[in-house]
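Visitor: Build me a model from this:
(chains A, B, C and D)
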Protein chains: 2
Amino acid sequence: MARTSRAEKARTHKRLVDAASRDFRTTGVEGTSIPRLMEEIGLTHGTFYAHFDSKDALVAESYATGMRESVDRQMKRAADAPSGQGLNAIIDRYLSAIHRDDPGDGCFLPSMAGEVRRQPEIVRHAFTDGLRNYFERLAEVLADGDADSRADHALVLASGMAGAVLLARAVTDVELSDRILDACRDFYTAAFASPVAESTGDNEDTTPIEDTGQW
Amino acid sequence: MARTSRAEKARTHKRLVDAASRDFRTTGVEGTSIPRLMEEIGLTHGTFYAHFDSKDALVAESYATGMRESVDRQMKRAADAPSGQGLNAIIDRYLSAIHRDDPGDGCFLPSMAGEVRRQPEIVRHAFTDGLRNYFERLAEVLADGDADSRADHALVLASGMAGAVLLARAVTDVELSDRILDACRDFYTAAFASPVAESTGDNEDTTPIEDTGQW
DNA sequence: ATTCTTATATTATGATCGTCCTATAATCGA
DNA sequence: TCGATTATAGGACGATCATAATATAAGAAT
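Guide: A predicted model of the protein is given here:
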């Protein structure tokens, strides 16, 4: 009922950011209200302003944290893949039905980039920094070409994958949605990833990914 | 003050859809309120429900109309281009600063696809139909390959361009934003469009587009 | 010309929003 | 141990939202 310890407050703060980051991706910033968010983590709405000066401040921190975590997960996935298959692992996972069907745990770009334009400067800066980091990390995984060409290809790949998931999520027709993902996966793999021999004719889920949970 | 003629009502209806379609792209569906929208076109908010049963109905009609108009404009631009340069014209315009800086008159995909997922079924169907039509029309402009391959490439190109504009608009750093557009324009041109000789070394705005206004 | 219909104006309703204020009780600093 | 600090609870505020109900004046139908 009354105050808790400082360690507890830090835990509350993290729970708040985590829940917000998931809700923002699921229902958008404008579609996420402070009262509902606080209720989700089991607190009353008035308490919010003990943790953040404003909703914008929460949005900015969620963006920064979420983008960083998302990139780290992708890079870990690439590092865990068999030698030379890092980029394949990223592409396959990004353009998968799992990622499409779980926006709340997915990449920020297809979920929130559309809203960023309308956010205050602080939020947009947080997003820009996170995106720049994403581009740089992605360029490191790209194989061919000089640094400039890899950087350009990272921009193309990141925006292309984000657009694909964006449209795949918007569409009601599952077949069309699947086809968007499949076509883009094949295309970007051929364009940027090392050509892994397509052993079996039917291209079922090559490189099955076991881990559930966050993308 | 009181009722107007039927022709006038039809005009009001169109003004309403046009204003909504622009506002939705600029500030999003959730960021566009009926009272403000009605004030924009010079009517009081109560009148809205003489034209639409609900906000959702307006959103659905705006999607359908806006997507169709947007595709028509792109195809006209392609048809007006010099022989063999149709796809170049589409790509250059889509990935231009003009398009990036004018979401209200631009393509629906980068502006609204993120919100579609959260809209009611009617709206999502309207969007899906419009998108399917866009894919088909775009495939007609693609040159090489059989029908299936052209259809796949249309998916890749459309989602890729949408993602590029999405990110280019989100970012605060203009240089980074420009680079996203430039890298994607070069890449998709090389991948899908007929290779137009890059005469002068510096790639300034080739194919300057005169028309202002709607994308 | 007169009645019926209806496009707009006006006002109301209940919900929800972001934010602020005050009270309380438990932790923290001494 | 005891006073100062503060994390949370609980209301309250004004604004805005989507929608509805009623009123009015002008077109449409006869």
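Visitor: separation between the spatially closest residue to A:Ile41 that is not a sequence neighbour and DNA strand C?
Guide: Leaving aside its sequence neighbours, A:Ile41 sits nearest to A:Arg15 (Cβ to Cβ, 6 or more residues apart in numbering or on different chains; 4.9 Å). (Glycine included, C-beta is placed from N, CA and C.) A:Arg15 sits 17 Å away from DNA strand C when distances are taken as Cβ to the nearest atom of the strand, to the nearest Å.
Visitor: again, but for A:Arg6
Guide: 4 Å.
Visitor: confidence score at that residue?
Guide: Reported pLDDT at A:Arg6 in the predicted model: 90.
Visitor: can you check A:Ser194 too?
Guide: According to the prediction, A:Ser194 has pLDDT 68.
Visitor: Strands of chain A, residue ranges please.
Guide: Taking DSSP state E as the test, none of chain A falls into strands.
Visitor: For the most centrally placed residue in it, give me its contacts.
Guide: In chain A, the C-alpha nearest the mean C-alpha coordinate belongs to A:Cys107, at 1.0 Å (Cα atoms, centre = their mean). Neighbour list for A:Cys107: A:70, A:74, A:94, A:99, A:162, A:165, A:215 [criterion: Cβ atoms under 8 Å, 6 or more residues apart in numbering or on different chains].
Visitor: from these, which is closest to DNA strand D?
Guide: A:Ser70 (26.4 Å; Cβ to the nearest atom of the strand).
Visitor: The closest one: what's it in contact with?
Guide: Listed by Cβ under 8 Å, 6+ apart, the contact partners of A:Ser70 are A:106-108, A:134, A:215.
Visitor: do A:Asp80 as well
Guide: A:Ala89.
Visitor: okay if I get the contacts of A:Ser70 as JSON lines plus pLDDT?
Guide: Compiled in JSON lines, the contacts of A:Ser70 are given as follows (pLDDT from 0 to 100):
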{"residue": "A:Gly106", "pLDDT": "96"}
{"residue": "A:Cys107", "pLDDT": "96"}
{"residue": "A:Phe108", "pLDDT": "95"}
{"residue": "A:Tyr134", "pLDDT": "97"}
{"residue": "A:Trp215", "pLDDT": "63"}
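Visitor: Relative to A:Asp53, which of the residues you listed is nearest.
Guide: A:Asp53 lies nearest to A:Phe108 out of the contacts of A:Ser70, by Cβ to Cβ, at 22.3 Å.
Visitor: From the contacts of A:Ser70, which land in helices?
Guide: Within the contacts of A:Ser70, residues falling in helices by DSSP state H are A:108, A:134.
Visitor: Turn the contacts of A:Ser70 into JSON lines, columns for distance to A:Thr44.
Guide: Below are the contacts of A:Ser70 laid out as JSON lines (distance: Cβ to Cβ, whole Å):
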{"residue": "A:Gly106", "distance to A:Thr44": "30"}
{"residue": "A:Cys107", "distance to A:Thr44": "32"}
{"residue": "A:Phe108", "distance to A:Thr44": "28"}
{"residue": "A:Tyr134", "distance to A:Thr44": "36"}
{"residue": "A:Trp215", "distance to A:Thr44": "32"}
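Visitor: What about DNA strand C: which of the contacts of A:Ser70 touch it?
Guide: Here nothing survives when these are matched to DNA strand C using Cβ under 7 Å from any atom of the strand.
Visitor: on that earlier part again, and the least confident of the contacts of A:Cys107?
Guide: A:Trp215 (63).
Visitor: Taking chain A, what residue is nearest to chain B?
Guide: A:Gly163 (2.4 Å; Cβ to the nearest Cβ).
Visitor: In chain A, which residue sits nearest DNA strand D?
Guide: Counting by Cβ to the nearest atom of the strand, chain A gets nearest DNA strand D through A:Gly46, at 1.9 Å.
Visitor: how many other residues sit next to that residue?
Guide: 10 (other Cβ atoms under 10 Å in any protein chain shown).
Visitor: ok now do it, which residues does it touch?
Guide: Going by Cβ under 8 Å, 6+ apart, A:Gly46 touches no other residue.
Visitor: What's the separation between it and B:Cys184?
Guide: Distance of A:Gly46 to B:Cys184, given as Cβ to Cβ, to the nearest Å: 46 Å.
Visitor: for A:Ala154, same thing?
Guide: Applying Cβ to Cβ, the value for A:Ala154 to B:Cys184 is 11 Å.
Visitor: More neighbours: those two, which one.
Guide: More crowded of A:Ala154 and B:Cys184, by other Cβ under 10 Å: B:Cys184, with 26 against 21.
Visitor: Could you count how many residues lie near the residue lying closest to that one once chain neighbours are set aside?
Guide: Distances taken as Cβ to Cβ, 6+ apart put B:Ala164 closest to B:Cys184, at 4.0 Å, once the chain neighbours are dropped. By other Cβ under 10 Å, 30 other residues sit near B:Ala164.
Visitor: same thing with A:Ala170?
Guide: Using other Cβ under 10 Å, A:Ala170 has 23 neighbouring residues.
Visitor: if I look at A:Val123, how far off is B:Thr27?
Guide: For A:Val123, the distance to B:Thr27 - Cβ to Cβ - is 15 Å.
Visitor: Those two: who's more crowded?
Guide: A:Val123 (25 against 18).
Visitor: dump the residue contacts of that one.
Guide: Residues in contact with A:Val123 (Cβ under 8 Å, 6+ apart) are A:56, A:59-60, A:63, A:116.
Visitor: Kindly reformat these as TSV containing neighbour count, pLDDT and distance to DNA strand C.
Guide: Converted to TSV, these look like this (neighbours: other Cβ atoms under 10 Å in any protein chain shown; pLDDT from 0 to 100; distance: Cβ to the nearest atom of the strand, whole Å):
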residue	neighbour count	pLDDT	distance to DNA strand C
A:Asp56	15	96	6
A:Val59	25	97	10
A:Ala60	21	95	12
A:Tyr63	28	93	16
A:Val116	24	94	17
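Visitor: So which of these is the closest to B:Leu37?
Guide: A:Val116 (23.2 Å).
Visitor: residue contacts, the closest one?
Guide: By Cβ under 8 Å, 6+ apart, the neighbours of A:Val116 are A:63, A:123-124, A:127, B:169-170.
Visitor: Farthest pair within the residues you listed?
Guide: A:Tyr63 and B:Arg169 (15.5 Å).
Visitor: Tell me, how many residues neighbour A:Glu121?
Guide: A:Glu121 has 10 nearby residues by other Cβ under 10 Å.
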